[in-house]
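S.K.: Sharing a model prediction with you, sequence too.
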Amino acid sequence: MRQDPPLSRPESGVSPELSPRRSRRAWGLCALGLLAVFAWRGEAGALTGSTQKAVVFAREAGPLKTPTEYQLKAAYLLNFLKLTEWPEESFDDKDEKKPDPFTVVVIGKDPFEEELDKTFKGQTAQGRSVRAVRLRDLPDEDEEIDGHLVFSALSKTRDRNELLERLSGRAVLLVGEEDGLAEDGAHINFYLADKRVKFEVNVDSVKRSNLEISATLLKLAKIVHEEKKGPGQR
């Protein structure tokens, strides 16, 4: 598991009604949310360096325009790329001066529209540029799903289950936004709570896929495990 620098806390602290543990989590979610908003805005330097530097930048950034749900989710995807480690064999870096880009694949009807391209433009994750690819339908079984992060926007349960099966155990970060998707095997799943975008992480699936997710990110997520199901059930 990756170990990141601890999140800095605001000088004013958090509400005294919260326990220290809940206060740290509340501030952590706030900090990651700010990072996501800055990614959406394309602010230079907002997503580089330590979280502490990002928070200092936040204090000086001025009023924020409230992002839409998918602007915020697009920014979170960029942060997931920054806070996850892939095996070396996931990249074919023939030119050390120009490493391979991260590829984010959206399969199904793209709910982001132009927001992914806007968010990724000019940004890097772990020294790599980021590009978005759209696939309207699930590729044929003999076709490789070639990407580092796959976002499932499939509407049919049959297609969703096939995608889960085909990516099971592979070092491809699978993200979605459907109830129960994380328990079924996706690595990260978005959900809405109190009109806020939140996410859950299936640590069992992550471990099986030989991915390493930042300890900081895990602290901010709802942790779920795969459901035990009988043969042929999903």
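M.R.: Sure, I can see it.
S.K.: residue ranges with poor pLDDT in this structure?
M.R.: Along the chain, segments meeting pLDDT under 70 span 1-64, 228-234.
S.K.: 50 - rerun?
M.R.: Applying pLDDT under 50 to the chain picks out residues 1, 5-28, 30, 34, 37-61, 230-234.
S.K.: just the strands in it please.
M.R.: With DSSP state E as the criterion, the chain has strands at 84-85, 102-108, 124-125, 128-135, 149-153, 173-176, 188-193, 196-202, 212-213, 222-224.
S.K.: Can you give the contact residues for the fifth one?
M.R.: Spelled out, it's strand 149-153. Surrounding strand 149-153, the residues in contact under the criterion Cβ atoms under 8 Å, 6 or more residues apart in numbering are 77, 80-81, 102-111, 160, 163, 167, 172-176, 178, 181, 186. All C-beta atoms are positioned from the backbone trio N, CA, C, and that covers glycine.
S.K.: Same check on the second one?
M.R.: Strand 102-108 is touched from outside by 77, 81, 112, 116, 120, 125-126, 128-138, 145-155, 159, 163, with contacts defined as Cβ under 8 Å, 6+ apart.
S.K.: and the gap between P67 and V175?
M.R.: When Cβ to Cβ, to the nearest Å is applied, the distance between P67 and V175 equals 18 Å.
S.K.: what do you get for L163?
M.R.: Here L163 is placed at a distance of 11 Å from V175 (Cβ to Cβ).
S.K.: can you give me the helices in the protein?
M.R.: The residue ranges that make up the helices of the chain, judged by DSSP state H, are 20-41, 51-60, 69-82, 115-120, 157-167, 203-208, 215-220.
S.K.: what packs against the last one?
M.R.: Right, the one you point to is helix 215-220. Helices and strands in packing contact with helix 215-220 are listed as helix 20-41; criterion 3 or more Cβ pairs under 8 Å, 6 or more residues apart in numbering; DSSP states H and E.
S.K.: Quick check: closest non-adjacent residue to A132.
M.R.: Nearest in space to A132, with sequence neighbours left out and distances taken as Cβ to Cβ, 6 or more residues apart in numbering, is L116 at 4.2 Å.
S.K.: wait, doesn't that neighbour sit right on V133?
M.R.: No - taking Cβ atoms under 8 Å as the definition, L116 is not a contact partner of V133, at 9.6 Å.
S.K.: between these two, who's got more neighbours?
M.R.: Neighbour comparison, L116 and V133: the larger count goes to L116, with 26 against 13 (by other Cβ atoms under 10 Å).
S.K.: quick one, what contacts the more buried one?
M.R.: 74, 77, 104, 106, 110, 132.
S.K.: For L220, grab the count of nearby residues.
M.R.: Summarising burial for L220: neighbours were counted as other Cβ under 10 Å, giving 21.
S.K.: From E227, how far off is it?
M.R.: Distance, L220 to E227, by Cβ to Cβ: 23 Å.
S.K.: From the structure, what's the count of residues near L218?
M.R.: Other residues within reach of L218 by the criterion other Cβ under 10 Å amount to 16.
S.K.: One more: K219?
M.R.: 16.
S.K.: go on, the one 5 residues further on?
M.R.: Using other Cβ under 10 Å, V224 is surrounded by 18 other residues.
S.K.: Quick check: it touching V206?
M.R.: No - applying Cβ under 8 Å, one finds V224 not in contact with V206, separated by 10.8 Å.
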